[in-house]
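Asker: Sharing a model that was predicted from the sequence below.
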Protein chains: 2
Amino acid sequence: MFKIRLLITALALAGSISVASAWEALPTQAPAPADNETTPAKVALGQMLYHDPRLSSTGTVSCASCHNTMLGGEDNRANSMGVNGQTGGRSAPTVWNSAFNAVQFWDGRAASLEAQAAGPVTNPIEMGMKSWDDVVARLKEIEGYKTAFAEAFGGQDAISQDHATKAIAAYERTLITPNSPYDRYVKGDKSALTEQQVRGMNTMQSLGCVSCHSGPAFNGAGMFQRFPMFDNAYLAAQYHFKKDLGVAEVTKKEEDKHLWKVPTLRNIALTAPYFHNGAVKTLEAAVRVMGKTQLNKDLSDAEISDIVAFLNGLTGEFPKQTMPTLPGTPGKTFY
Amino acid sequence: MFKIRLLITALALAGSISVASAWEALPTQAPAPADNETTPAKVALGQMLYHDPRLSSTGTVSCASCHNTMLGGEDNRANSMGVNGQTGGRSAPTVWNSAFNAVQFWDGRAASLEAQAAGPVTNPIEMGMKSWDDVVARLKEIEGYKTAFAEAFGGQDAISQDHATKAIAAYERTLITPNSPYDRYVKGDKSALTEQQVRGMNTMQSLGCVSCHSGPAFNGAGMFQRFPMFDNAYLAAQYHFKKDLGVAEVTKKEEDKHLWKVPTLRNIALTAPYFHNGAVKTLEAAVRVMGKTQLNKDLSDAEISDIVAFLNGLTGEFPKQTMPTLPGTPGKTFY
């Protein structure tokens, strides 16, 4: 799987392929895998599980703690804070529009939202559960979940890791933010973007940014890229981008060092700080860094300002959600 | 203020006053102070602030983290976990129906919801902000809050600690859970409680539990009580109830040692673990402890079972809320 992507990456890196970007609006529905059709009952259950801190060892961390559905789909922190105040080395990616990522996690190690959902729950520095068996045992003690799993998946004993992660993924597929100024613009409302934003859009095209940040989600549809492409001693000293090996942390292969999934630019204005390690605090600085590390160019202040203006136009409309009421555990506690 | 309450407490403790409890349903609206009328704009703003983790130093803790509006209004933990995984010595009280508490906090040191709301934000082990000035400075950098504060309070420069705490309190006054089986029962639906629950209700009456846990919220309407009333070496060794001095931690007076605000019994089945230090894990055990420490009685298993059944009948209906969309901080982060 990685081989194919590396080939694509290599082609893109060649630089000569300057695909004229077809500007596309964000779809309002996300495709679901054949074995996990999106249904209202699954979405309702998934929304509950996603917001339930009882899926963490301490009862203090839910999926939403780091991927906040009331904000830009993450936590605005360089590194998320898991159970007992622990932090890791990577910045939480946004959950909004994650349905349009071909693979999940910064290193793309999960092939689906379902696979991704299984990870953080048992990561010792994230949600800290010892095992999914322990999670399932807890859920089985919550009467309301028995009903909700039965409604979503049928059967009397429907609580399982497979069903829990499927429900969470089904919910996440509904977390789409359409109708950004950009979307309205490409659909024909030429007043939706300002002149400066259109200039920024054209600059991103001419510089080649959208060779990688391509497609409706500006995420390259599963493309991997080397970051940083060009070494720079000043930036290295300041931001330590290369401390984390990216894909190579998973594959242990030399050629995968510092390869990363191309992240979406949707709602990028709401997801500071930036990059895999969250080392860059502002969007202006992030655009400047990208020019230097990926294009070996010093972008002008005007170019940066235009691009930032355009990126602000990628902030979409957040769907109104009902706050879930989580089923109680009458008369006792897990902690 | 404390003197008056101590007098009431002393009278109640005399034991001879066995007020025939008038069983009352929970009001569906809470009274608001004259200087903070409940308005939709304030409630909407308050709901945002209540759920906004940017009110904490790390960006990881909101009011809702410990007083979870998706669950029983608290966190089911013995002690809440604040910024950087820190824990204190007391168990978070439920926010549901807190509008019906005459005073706030376990030791009653806040005279209103407004006063309470100011506390945790700058408590170093809770939300950890250095000062309210710092909170206000942050809020002023969030464009959407400028609008929301202006709508709620009028004026161009409406962001202040006073307005923030007023908005949070206005929101909290809407967090009421009516129509529990008990409420339906006292309103005339005699089938709303089971036979066992009615037995438990009568047992609570005859034992005198409702002398303190009186009124529609079963919280004594501002009464303070000594806990434990009767010393017991076994319970002391097991639960360390007397480590915390209660009201005396505030007043530093000998006579206030181990005085506590009478907590509500509404939704008590959802708020395990129990007591000010969260030392008791189950509702059964909590009822047994209360019998021993407050009445010096060994309640029978049948009595405990009946009372627990009744207490389960105090779980109300949780209002459907829309999940707030928090205004973003475009292009930057506070952490």
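Answerer: Yep, it's here.
Asker: so where do the helices sit in chain A?
Answerer: For chain A, helices defined by DSSP state H occupy the ranges A:2-14, A:40-50, A:63-66, A:113-121, A:132-140, A:143-153, A:161-172, A:181-186, A:195-207, A:209-212, A:233-239, A:248-251, A:283-295, A:301-312.
Asker: Could you pull up the residues touching A:L235?
Answerer: A:228, A:241, A:289, A:292-293 (Cβ atoms under 8 Å, 6 or more residues apart in numbering or on different chains). Using the backbone N, CA and C atoms, a C-beta is placed for each residue, glycine as well.
Asker: Which of the helices of chain A comes out lowest on mean pLDDT?
Answerer: For those, the bottom mean pLDDT is recorded on helix A:2-14, which sits at a mean of 44.
Asker: The nearest residue to A:S214 once chain neighbours are set aside and chain B, how far apart?
Answerer: Leaving aside its chain neighbours, A:S214 sits nearest to A:G220 (5.3 Å; criterion: Cβ to Cβ, 6 or more residues apart in numbering or on different chains). From A:G220 across to chain B, the span is 22 Å (Cβ to the nearest Cβ, to the nearest Å).
Asker: surely A:G220 meets A:H213?
Answerer: Yes: look at A:G220 against A:H213 with Cβ atoms under 8 Å: they come within range, at 6.3 Å.
Asker: State which one residue of the stretch 101-250 of chain A is found closest to chain B.
Answerer: Among all residues of the stretch 101-250 of chain A, A:T177 sits closest to chain B, at 10.4 Å; criterion: Cβ to the nearest Cβ.
Asker: A:A25 is in contact with that residue, correct?
Answerer: No: using Cβ under 8 Å, A:T177 is not in contact with A:A25; the gap is 11.7 Å.
Asker: more crowded one of the two?
Answerer: A:T177 (22 against 15; other Cβ atoms under 10 Å in any protein chain shown).
Asker: Contacts only, for that one.
Answerer: A:26, A:96-97, A:266-267, A:315-319.
Asker: quick one: which of those is most hemmed in?
Answerer: Within these, neighbour counts (other Cβ under 10 Å) peak at A:R266, which reaches 31 neighbours.
Asker: Not counting sequence-adjacent ones, nearest residue to it?
Answerer: A:N97 (4.9 Å).
Asker: Next one: the one you found relative to A:T174, how far apart?
Answerer: Relative to A:T174, A:N97 is positioned 11 Å away (Cβ to Cβ, to the nearest Å).
Asker: In contact with A:P27, which residues?
Answerer: Taking Cβ under 8 Å, 6+ apart, one finds A:100, A:176, A:178, A:216 in contact with A:P27.
Asker: farthest pair in these?
Answerer: The largest separation in the contacts of A:P27, counting by Cβ to Cβ, is between A:F100 and A:P178 at 11.5 Å.
Asker: Now the common contact residues for those two.
Answerer: Taking Cβ under 8 Å, 6+ apart as the contact rule, A:F100 and A:P178 both touch A:26-27.
Asker: if you count what's nearby, which of these two comes out ahead?
Answerer: For A:F100 versus A:P178, neighbours defined as other Cβ under 10 Å are more numerous around A:F100 (21 against 18).
Asker: My guess is that one contacts A:A217. True?
Answerer: Yes: counting by Cβ under 8 Å, A:F100 does reach A:A217; the two are 4.0 Å apart.
Asker: Please identify every residue contacting each of these two.
Answerer: Taking Cβ under 8 Å, 6+ apart as the criterion, A:F100 and A:A217 both touch A:26, A:264.
Asker: Output the contacts of A:T177 as TSV; include the columns pLDDT and distance to A:D75.
Answerer: Output for those, formatted as TSV (pLDDT from 0 to 100; distance: Cβ to Cβ, whole Å):
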residue	pLDDT	distance to A:D75
A:L26	97	23
A:W96	98	13
A:N97	98	17
A:R266	98	17
A:N267	98	14
A:T315	98	17
A:G316	98	19
A:E317	98	21
A:F318	97	16
A:P319	96	20
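Asker: Name the nearest residue to the residue of the stretch 101-250 of chain A closest to chain B, sequence neighbours excluded.
Answerer: Sequence neighbours aside, A:G316 is the residue nearest to A:T177 in space, at 3.0 Å (criterion: Cβ to Cβ, 6+ apart).
Asker: Okay, the one you found and chain B: tell me how far apart.
Answerer: 11 Å.
Asker: how far away is that residue from A:L26?
Answerer: Distance from A:G316 to A:L26, by Cβ to Cβ: 7 Å.
Asker: Repeat that for A:L245.
Answerer: Separation of A:L245 from A:L26 (Cβ to Cβ): 32 Å.
Asker: Same question for A:S191.
Answerer: Where A:L26 is concerned, A:S191 sits at a distance of 19 Å (Cβ to Cβ).
Asker: Equivalent analysis for A:E141, please.
Answerer: Distance of A:E141 to A:L26, computed by Cβ to Cβ: 40 Å.
Asker: ok, now A:G46?
Answerer: Distance of A:G46 to A:L26, given as Cβ to Cβ: 21 Å.
Asker: same deal with A:F149?
Answerer: As judged by Cβ to Cβ, A:F149 and A:L26 stand 31 Å apart.
Asker: Kindly report the same for A:L71.
Answerer: In terms of Cβ to Cβ, A:L71 sits 19 Å off from A:L26.
Asker: can you check A:P216 too?
Answerer: Distance of A:P216 to A:L26, computed by Cβ to Cβ: 5 Å.
Asker: Could you pull out the residues contacting both of those two?
Answerer: A:F100.
Asker: since we're on A:G73, how many residues are nearby?
Answerer: The number of residues packed near A:G73 is 26, by other Cβ under 10 Å.
Asker: That one contacts A:V95, doesn't it?
Answerer: Yes: the criterion here is Cβ under 8 Å, and A:G73 meets it with A:V95 at 4.2 Å.
Asker: Would you mind grabbing the residues shared as contacts by the two?
Answerer: Here A:G73 and A:V95 have A:67, A:175 as joint contacts, going by Cβ under 8 Å, 6+ apart.
Asker: so what's A:D244 up against?
Answerer: A:D244 neighbours (Cβ under 8 Å, 6+ apart): A:89-90, A:276-277.
Asker: A:L245 - nearest residue in space that isn't next to it in sequence?
Answerer: Excluding the flanking residues, the one nearest A:L245 by Cβ to Cβ, 6+ apart is A:K257, at 5.1 Å.
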